[in-house]
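[1] Could you work out the structure for the sequence below:
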Amino acid sequence: MKTFSFSAYDEKGIRSSGEVNAENIDLARHELAERKFLIVAINEKREILPRFEFFGTRNQVSSEEMGYLTAELSLLLNSGITIDKGLAVLRRSQTTPSMVALLDNLHESVRQGSSLAGAMSELDGIFSPLYINLVRLGESSGKLPEVFSRLSEDIKFQMELKRKVAQALVYPSIILGICILSIVFIFNYIVPQMSSLFESIDDIPFYTQLLLSMSDWMIRYQWMALFIIILVAAGLTASMRSPAGLKRLDNFLVQLPGMRRVVILVERIRFNTAIAMMLDSGVLIDRCLEMAVGSVRNENIAKVLGVAKERVKKGESLSDALRGSPIYPDFLISLIEIGEESGQLAPVFSEISNRSRRDFEAWVDRLTSMLEPLLILFMGAIVGGVVVVMLLSIISVNDMGI
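    Below you'll find the model as predicted:
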């Protein structure tokens, strides 16, 4: 028995959607006809094949695959190719199971009469609500190539930023790894060999006793400690994949010294990028605010922006409604006021988004440039401290021998 999702009109002319179980699509159409539905679109509901991950499975494609899909659809649609042919072309070039299944679903749904946005909405968790809404607006306005171009640019920015951060962390990570390996080597091999020097001494210095105790603890419990670290890391990784876990992370980051500004900057990028793309697609500002609020992850900031959305719906100006929001300082509010007066809000929100992106990139550069010397100092302090204690212990033994 297969499951088919459908969109149809009932006897009273009311459009509805749902699911029906049948052996094949013809029997599903027959059952709906007996229920006096006028079918608009019907297609088989399929699941995306899971991809293997170290801590479980998921049904989402990666950000790199999503960026590839969006960029290629933008290129094909700008070349005049229809959406169903574009999906078929992309399907033939894919080898990963998740992308094959994704494109199969989209192509089959579109071929059977469903809109692209409708086909995307049936794949739970693959496309964000904002992504689907923009595609739907692009289909209704005839600006689908432009929408995919903007989405491609936004995904490309996110991917480049992640790649930049990952590349910047390579060298500090190597330093940290060398530091950890050095400590493990010292406590597992060097210090135990030194312990024979102190067996015949009753009153050894406290720092020597501390060094020997730490070495003994590591030899006894290091594998248990490693297991606990892996277990905690796995739990945190699984927690961060859930909406509740992401909210807890956002609330925790806001409370960290110096991180509140970064969280606000990230939310400003999300919110303003979403509004700029929707305004370019011809969406009214109240509707833009409603959908853009959904792209904000921080719960407190989303609540404030939700209140601003309601104030705009009641007739208040956009600049007044957003005044006092944590993501809009006075200078940005002034830019929005100018945009309202000139009727050019889309360029204003694009400029705010671009400025925020540059500020965030500058913060990432500063952070990654600071990590290297900080880790070197950390490694020097730990390894150097152990070496100094070892030398002092040897000197104390010689003094006692004298």
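[2] and the gap between S109 and L103?
    11 Å (Cβ to Cβ, to the nearest Å). No exception for glycine: its C-beta is placed from N, CA and C like everyone else's.
[3] Can you pick out the residue with more neighbours from the two?
    Applying other Cβ atoms under 10 Å to S109 and L103 shows that S109 carries more neighbours, namely 27 against 20.
[4] give me every residue that touches the more buried one.
    41, 43, 118-119, 122 (Cβ atoms under 8 Å, 6 or more residues apart in numbering).
[5] closest to G86 among those?
    A119 (12.9 Å; Cβ to Cβ).
[6] What's the separation between that closest one and G125?
    For A119 relative to G125 (Cβ to Cβ), the value is 14 Å.
[7] okay, now L75: neighbour count?
    By the criterion of other Cβ under 10 Å, L75 has 15 neighbours.
[8] sorry, that was for M99
    M99: 22 surrounding residues under other Cβ under 10 Å.
[9] Run through who's touching stretch 383-393.
    Everything outside stretch 383-393 that qualifies as a contact, by Cβ under 8 Å, 6+ apart, is 179, 182-183, 186-187, 190-191, 194, 197-198, 204-205, 207-208, 210-211.
[10] I'd like to know which of those are buried.
    The neighbour count (16 or more other Cβ atoms under 10 Å) marks 179, 182-183, 186-187, 191, 194, 197-198, 204-205, 208, 211 as buried among these.
[11] start to end distance for stretch 275-295?
    Terminal residues of stretch 275-295 lie 10 Å apart, using Cα to Cα, to the nearest Å.
[12] Any buried residues in it, and which?
    For stretch 275-295, burial by neighbour count (16+ other Cβ under 10 Å) applies to 275-281, 283, 285, 288-295.
[13] re earlier: tell me which of A119 and G125 has more neighbours.
    A119 (25 against 9).
[14] returning to that earlier point: strands - which of the contacts of stretch 383-393 land there?
    With strands taken from DSSP state E, there is no overlap with the contacts of stretch 383-393.
[15] now, which of those residues sits nearest L73?
    Taking the contacts of stretch 383-393 together and measuring to L73 by Cβ to Cβ, the closest member is C179, at 45.8 Å.
[16] From G380, how far off is the closest one?
    For C179 relative to G380 (Cβ to Cβ), the value is 9 Å.
[17] Among the buried residues of stretch 275-295, which lie within strands?
    Using DSSP E, no member of those sits in strands.
[18] In this structure L197 contacts I394, no?
    Yes - counting by Cβ atoms under 8 Å, L197 does reach I394; the two are 7.3 Å apart.
[19] Need the residues that contact stretch 220-229.
    Residues contacting stretch 220-229 (Cβ under 8 Å, 6+ apart): 184, 188.
[20] distance between that stretch and the chain's centre?
    Its chain's C-alpha centre and that of stretch 220-229 lie 30 Å apart, by Cα atoms, centre = their mean, to the nearest Å.
[21] CA-only coordinates of it in PDB, if you can.
    Taking Å, rounded to 0.1, in the frame of the first residue of the first chain, the C-alpha atoms of stretch 220-229 are listed here in PDB:
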ATOM      1  CA  ARG A 220      44.300   4.700  35.600                       C
ATOM      2  CA  TYR A 221      41.400   6.700  34.100                       C
ATOM      3  CA  GLN A 222      42.400   8.200  30.800                       C
ATOM      4  CA  TRP A 223      40.400   5.800  28.700                       C
ATOM      5  CA  MET A 224      37.300   6.300  30.900                       C
ATOM      6  CA  ALA A 225      37.800  10.100  30.600                       C
ATOM      7  CA  LEU A 226      38.100   9.800  26.800                       C
ATOM      8  CA  PHE A 227      34.900   7.700  26.700                       C
ATOM      9  CA  ILE A 228      33.000  10.300  28.800                       C
ATOM     10  CA  ILE A 229      34.200  13.100  26.500                       C
END
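[22] quick one: the closest residue in space to V110 that isn't next to it in sequence from N354, how far?
    Excluding the flanking residues, the one nearest V110 by Cβ to Cβ, 6 or more residues apart in numbering is D84, at 4.8 Å. In this view, D84 and N354 are 35 Å apart by Cβ to Cβ.
[23] average pLDDT for stretch 287-297?
    Here the mean pLDDT over stretch 287-297 is 80, rounded to a whole number.
[24] Kindly report the same for stretch 3-19.
    On average, stretch 3-19 scores 69.
[25] Check the separation of the first and last residues in that stretch.
    Start-to-end, stretch 3-19 (Cα to Cα) is 7 Å.
[26] if I look at L377, how far off is V386?
    When L377 is compared with V386 (using Cβ to Cβ), they lie 15 Å apart.
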